[in-house]
Structures are given as C-alpha cells and as structure tokens.
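> need the 3D shape of this:
(chains A and B)
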2 protein chains.
Amino acid sequence: MRLSRYFLPVLKEAPAEAEIISHKLMLRAGMIQQLSAGIYNWLPLGFAVLQKVEQIVRQEMNAAGAIEIMMPTVQPADLWRESGRYEAYGKEMLRIKDRHERDMLYGPTNEENVTDIFRRHVKSYRQLPLNLYHIQWKFRDEIRPRFGVMRGREFLMKDGYSFDVDHAAARRAYDNMFVAYLRTFKRMGLTAIPMQAETGPIGGNMSHEFQILAQTGESAVYYDAAFEQIDFSAPDLDPERLKALYAAADDKHDPAACPISGDRLRSGRGIEVGHIFHFGTKYSQAMGATVMAADGSEVAVEMGSYGIGVSRLVGALIEAFHDEKGIVWPESVAPFKVGLVNLRPDDAATTALAEDLYARLHALGVEVLMDDRDERAGVKFATMELIGLPWQVVVGPRGAAEDKVELKSRATGEKHDISAVMLVERFAL
Amino acid sequence: MRLSRYFLPVLKEAPAEAEIISHKLMLRAGMIQQLSAGIYNWLPLGFAVLQKVEQIVRQEMNAAGAIEIMMPTVQPADLWRESGRYEAYGKEMLRIKDRHERDMLYGPTNEENVTDIFRRHVKSYRQLPLNLYHIQWKFRDEIRPRFGVMRGREFLMKDGYSFDVDHAAARRAYDNMFVAYLRTFKRMGLTAIPMQAETGPIGGNMSHEFQILAQTGESAVYYDAAFEQIDFSAPDLDPERLKALYAAADDKHDPAACPISGDRLRSGRGIEVGHIFHFGTKYSQAMGATVMAADGSEVAVEMGSYGIGVSRLVGALIEAFHDEKGIVWPESVAPFKVGLVNLRPDDAATTALAEDLYARLHALGVEVLMDDRDERAGVKFATMELIGLPWQVVVGPRGAAEDKVELKSRATGEKHDISAVMLVERFAL
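Model prediction:
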C-alpha cells in the first residue's frame, strides 16, 4: 500500500478526552474515530489490526474443533423471556421496537439464541460434543463508556458455546477452550494469566477470566512465575496443571493466604480480554434443550460459553506494546509487516530503488506500507514510530547510489545498513 | 471437516413458508435458520459460503483501489438530521433510544457517517481520490420480509463511497467501480447485466443496478447478447462501451423503441445484487464536506456510493445454480471443494482409504467435507447432491480393494473411476 493512496489521518496531539495510552495512540495513529459515545469507526489501519486479531482467534477456535456460524445482532425479546434474562438484564441491554411494535434487542451475548438453534436440531448424544462460535458485533449500553475501544458500547466479540451430554464431557469442553485461549493470546505475543472468576449475569459454577499483562493494565494481578515459562504452543498443555497455578487479581489476592511467595510470586498489571464459563443446564433447562443420552434417558444439555473481546484486544495489545514514540506491534497482529520510507520521492535513483523494493516485497507476499509522500524526513520517521510497524526500511539518496538501505527493528531500535538484495532475501525467508 | 463433527442439520422437506427455491434449499441444506421475521442465523455451511462471497468482494474492491474500514451498526440520529434523511427515511429505518434517551438508529446505509469521517480529516484535493468501503450488517425494517436472505431485515452489505475533487474525477471513480462490479460477479460464476436505474432515496443523477441472470429471477430483463461474450477478467474493459450496450428491466423495456432486435436481443430473468450511484454534492453540501481544489478554491467534494448485497448474493447464487436435487455451487464460492463419501465406515479398508485421501487432500489445502456418518449410502448421496459441493469422491469397499474411487462432477453429473494417486494429483494442480 502506498501511503499517498492510503487513508491514515495521524494526529500530532491526542484529543483531550482520551485518558489511557491505547486510546490516545489509536486516535493519534488514525486507527479509530469516535462516532458517538462508545461507538467507533475503524479506519483502515485500525481495521487491519482488528482483522489480524480476528483471524488468529478464528484459526485457534477452528483448530480446537469449534465451528463458526453467524448469529444476527438483532434478536426477538421473546427468546430472552424464556431464560428470564429479558427483565433481569437491566439498562445495559439496548431494547428496540420494530415497525410492528415487537420487542427486539441488540444482542449483548447469545446464550438464548444458540440454545434455540441447538434445541431445534440436536436430539441425540450422538451429535455431541458440539461447540459453535461466532465473531459478531455486540452492544452493551454502558452508562459511561470510556477508554476508547477498551470499554465501548458497540464492540466485536468472539462468543462460543459448548454442548455436552454430561458434566464430565462439559469439563473436557471447558478445558479444551481454556487451553485454546492461552494459545490464542500467545500467538498475539501476549502472556495471558487465567484466574478463577465470578460467573456474574451469565450464571454457572465454574469460570475463568484471562488477563493479559501490560504495565498500564487496569488492575493489579498476582501469579505464579511458572506462567512465564510455559510453552503455550506445546501440543500437550495440561489444563489441570495450569488451573492449579496461583493467580489472582488484587480484590482476591490475600498475601497472608497466598500459597506461593518469594521469587515464585510475581505481580503485574492485567487487562481482561477473555472469560469462559461452565454453567451446566441453566439455559437448557429453562429453554427445553434436551438430548437423548446413551442410556435412552432425556437429559438437559450441559453448556458453557466462551468470550474473547476482539476489538478490546486491539486496545489491550497497545497497552502491552508501546513506548514513548508510539505503538510497537508484534508481527502477528501488525497492520503491515514493513514500513518502507522513501526519503526523497523527488530523487529518481531513490524512488527507483524504493519502488523496486516495494514491488519485490509485494511479490513475496510481504505486507508493505510505503511512505511515498512529499513530506520531510522527520515527519516520515515520526509517522513510522507512531504506527509501529515491526520493520522500517529507509531508502535515501546516499544508500541508493550503492543499492543499500537501512533496516530498523521498531521493537529494539537496532538498525543496520543492508544491501537491497539481502533485504529481499531476509523477508523471503 | 468430518461430517460427524460438523453441524449440518439438513431437512427432508422445506418448511412451508419458503416460497422461492433459494430459500427452500438454504433451509433444507442447513445453511440458515430463521430467528425472527427477516432475521437469520447463518449455520456453518451457509456461513462458509457467505465468507467466500465476502472475500471475493473484498479482493476485488482492494484490487480496484478501494480501502476497507469498518463503520458501526448503531449511529446517532443527529448525523442523519444534517442530511435531512432522518425524518425522510420512513419506517424502514430502525430507530432506537439509548439509556440516556438519545435518538440512535441501526444504519440502513452509511452516506452520512462516511461523509463525517471525510470532513474531519480530508482538506485538500491532494488527498483525493479516495474510496472507502466496509462490509457490515445493515438493518432495514421491511414491512414484509420474505424470500429468506433475498429480502431480509438484517443483511450483510458491502457499501463503498468515493470522494473526488470534480465531476470528471468522480466519473472515473464511478467507472472504476462499474468495471470492478462486473469482475466481482464474474468471479462468482455469474453474468451480471448493468442497467441504468433510478436513484431513489440515495439521490443523485447517475446510477446503475446490476442484475445477475437466473431462470428463477425476480424480474424479466432484456439485454444485448454482447454481454455474454465479454471477458470480464480482461485488464482493459471499457466502461463506456459496456454502458452503451442495451439493457433494461421489463418496466423500462419498450420493444418498439428498443435499438436492438433479433438474435442480438436476449431476454432472461434477473436478480438485483448491486447498485451504484453518482450523487455529486448532495451530502457534501448538506454536511459541509469541502476540500481545497488545485486553484485554491474551496469546493464541495463529489461523491458516489456503491453497494453489493453480500448476503443476498448467497441466495442469488442458488437461484442461478441449482437443479432438482439441490444446489450446484461454482467452485469459487463453494463451502467445500470436495465431498468425500465413505460408503462403509464399518469397513476397515474403505475407511483407511477415505482417511488417507482426507489427510492428503487436506495437506494440499483442498477444502474437504468427509461424510463419515453411520448412514445408508442413499442418504449420503442425497446429502451431497443437496449441498452441492463441486466434486464428489466416493470411496467404497470394491474400489478400496484396488485403491480406486469414483470422482463425480456435481455440475455435469459425469463420473469416472480413478486411482487414489491420480485423484490426489488432480487436486494438487
């Protein structure tokens, strides 16, 4: 992508209403624009990251055996009356009347709808286990939306739902998601700490929330140092062992009662990005979602639900990965892998080399944003630091004469001169 | 994907409320399930097709230089008061009050929001041309939703918006989309006929709608036979020549005045799947979206908008591609490329060959749905015909003894025996 043809409205200063660093940087980097309180437009750079995060979540859910569907945003109130949540949900639920005066709502979550899908089609334990998920916009009418996409009203969430014939199978489904979540966050470069949690309005009797570590995180967390040693990509991750490791947010952490101490007890700040629940038959009983068990009896299906805040993760990633100059994207979620800076678009040799590298990297499938604007070098460098692409390639007249460019890592700041040929080889790997 | 682990609730009979063939087949093939009038859940098979269609639209938009963003579904009414459409839109607009009693709405389209994005960030002709699009759910509260996803209330639409400094540039932007649309539909195997159209509530002075040909289409269309000869993938498609070709729906077609006749005049039935508009400064003037022109004057930006009914296309594709047994997907939008039928899961040799082929095709990146259910052969064949995957591979005990399978084309019905090795080679190409 050529920056001259892109839409990247960077700002020198963050608007005053932005309180936290991710909100400030998302506004400054032209990633989002507020449309209404807690409701955001995702501009091209922001949307590119959102898509990357969404795709990692999708791949890991599919790898874990979950099946993707798409449930609509607008739901009939009657389904929620069956579960008893229509009245109970309160003002966070956006209630709507359609032209025929029917009560509808904008889904804040989908337990009722997915249970309805299930009860219409699944009748036998033979069709289980089943895990259905979707990645869809939700609306929760927060009384005071704030912190940009971290606590918006309209937000993108992955919510999945498991169905099993008995408690033991439901536990396996829960553990499967528990491990998949840790893998998912790890692929984004994040260390996620799972901690036992309250079940809240979803209900149920077992729940974990996943907090990713970030210096600017919203709450203090305490955890076993072992979490930092685990290889989350290992095929044989043991959920029981992981669940047994100590982890607690500060409202639950009691230093006197904490089973670990010294070097083993780490503390940091966390941001909640996922939450999983086993709630048994709460919805299936209320809504008559039963299956025939192996012994011929009819049983209410055991369910769990599993949420990941996809749009929230974009903010959380910035809280975890930034410095004083801007964002520092991990490669897996970066909107582009390489920022190619043409220092002198008015110089023929410089532009020829920049264009050649742009074409060759593009041909390799490397995502490149080329700054071909007629701007001062300082503006271009500042833009690259702000938007945080992992690799910067700087092409100037002196290097161009020798077919050389400067390659810089955004994360470490290390830079070195490299021939154009070697540069292409490096990214071909 | 193994069918035993998939969620494919096929039905023997279509529910009585389904009036048209695509609605019947989508229900029977377990692609969708109605949640409320005109509001559908997309089940795994349906969602897989929706994703394929969406991805083709995205690729062609990107190739045409449009830039993807994401605008939210819920918008503040105030923006629509600026354009005058809040009162004018009527009951099709879903109006919402949030918890603070602010007037909001579920976007039926996004001219106002995108114009607001533009006016906040773009000040100079140097930043033009610009074409921003998104693929997002819309809501139009149809008084009588019908025909499944063909006329739903909540639907997925690609809507794009072009911004140019003057009329000539705006015409180029329009022509660019005109050609991109023809390419997009062609990639789905569809012949799209562009015809001049009324501008309706969007406003403006130039508009084309795109009707794809299907025997069961909603309206009669008349068009120049030349449309059937054009190579829409050619790099040098001439929009002026295409616009000059005769095409009209029956409400506009006057046989006495038609400039072509005989073999050159074709008739068929069409389904509208796209609509493009040039509306000049209608929104930019009302909302103060101006830029500095090259001569230093301040001018209202020239705009166009470009819609493709993404979810509607899934239904339209079925109207165009089906037979008495079910759906016949073109490869580019098929939910899986291959349906692998294990005729005898209880037979070790048959299952070994089926599993081996499944693993090898999977390793090649071929999307395979393997019917490994404990069902009669007739049920399996009927399911494959119904869901319409382009290629069926049938593995049975007799063939397995010789490492042979049957390969069948869903479109032509042709089948022949082929060795397992050759089969894998065929799909490796």
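> who's the nearest residue to A:Val310 once chain neighbours are set aside bridged to?
Once flanking residues are discounted, A:Val310 sits nearest to A:Leu156: 4.3 Å by CB to CB, 6 or more residues apart in numbering or on different chains. For the C-beta atoms, the positions are set from N, CA and C on the backbone; glycine is no exception. Beta-bridge pairing of A:Leu156 under DSSP bridges involves A:Trp137.
> hmm, A:Gln136 and A:Leu156 touching each other?
Yes: assessed by CB atoms under 8 Å, A:Leu156 is found in contact with A:Gln136 at 7.3 Å.
> mind checking which of the two has more residues around it?
Shown here are A:Leu156 and A:Gln136; by other CB atoms under 10 Å in any protein chain shown, A:Leu156 has more neighbours (24 against 18).
> got the contact list for that one?
Contact analysis of A:Leu156 by CB atoms under 8 Å, 6 or more residues apart in numbering or on different chains lists A:50, A:54, A:135-138, A:309-311.
> name the nearest residue to A:Arg146, ignoring sequence neighbours.
Per CB to CB, 6+ apart, closest to A:Arg146 is A:Glu19, 6.7 Å.
> report the buried residues of stretch A:82-100.
Buried residues in stretch A:82-100, counted by 16 or more other CB atoms under 10 Å in any protein chain shown: A:83, A:85-86, A:89, A:93-96, A:98.
> of those residues, which ones also sit close to chain B?
Contacts with chain B within the buried residues of stretch A:82-100, counted by CB under 8 Å from any CB of the partner chain: A:94, A:96, A:98.
> tell me which of those is nearest to A:Arg5?
In terms of CB to CB, no member of those lies closer to A:Arg5 than A:Leu94, at 37.5 Å.
> show me the beta-bridge partners of the closest residue to the closest one other than its chain neighbours.
Nearest residue to A:Leu94, sequence neighbours excluded (CB to CB, 6+ apart): A:Tyr106, at 4.1 Å. Beta bridges link A:Tyr106 to A:Val74, A:Leu94, judged by DSSP bridges.
> likewise for A:Arg266?
As assigned using DSSP bridges, the partners bridged with A:Arg266 are A:Tyr223.
> domain boundaries for chain A, per the record?
A:3-327, A:336-428 (automatic domain parsing).
> any chance of JSON lines for the ones you listed, columns mean pLDDT?
Output for those, formatted as JSON lines (pLDDT from 0 to 100):
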{"stretch": "domain A:3-327", "mean pLDDT": "95"}
{"stretch": "domain A:336-428", "mean pLDDT": "97"}
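> and of the ones you listed, who's closest to B:Pro15?
domain A:3-327 (11.2 Å).
> before we move on, the earlier item: what's the most buried one of the domains of chain A?
domain A:3-327 (a mean of 19; mean count of other CB atoms under 10 Å in any protein chain shown).
> measure A:Ser36 to B:Asp98 for me?
Taking CB to CB, to the nearest Å as the measure, A:Ser36 and B:Asp98 are separated by 9 Å.
> need the residues touching each of the two.
B:Met104.
> give me phi/psi at whatever residue of the stretch 101-250 of chain A ends up closest to chain B?
Relative to chain B, the nearest point of the stretch 101-250 of chain A is A:His121 (3.8 Å; CB to the nearest CB). Here is the backbone geometry of A:His121 (degrees, to the nearest 10): phi -120, psi -20.
> pretty sure it is touching B:Val10, no?
No: A:His121 lies out of contact with B:Val10 (CB under 8 Å); the separation is 9.8 Å.
> contacting residues for the residue of the stretch 101-250 of chain A closest to chain B?
B:7, B:9, B:30, B:33 are the contacts of A:His121 under CB under 8 Å, 6+ apart.
> double-check that the second one belongs to a helix.
I take that to be B:Pro9. No: under DSSP: H, G, I helix; E, B strand; the rest coil, B:Pro9 sits outside any helix and is assigned coil.
> distance of it from A:Ile69?
Distance from B:Pro9 to A:Ile69, by CB to CB: 11 Å.
> anything in contact with each of the two?
Counting by CB under 8 Å, 6+ apart, the residues touching both B:Pro9 and A:Ile69 are B:Leu43.
> up against chain B, what does the stretch 151-300 of chain A have?
So the stretch 151-300 of chain A meets chain B at A:153-154 (CB under 8 Å from any CB).
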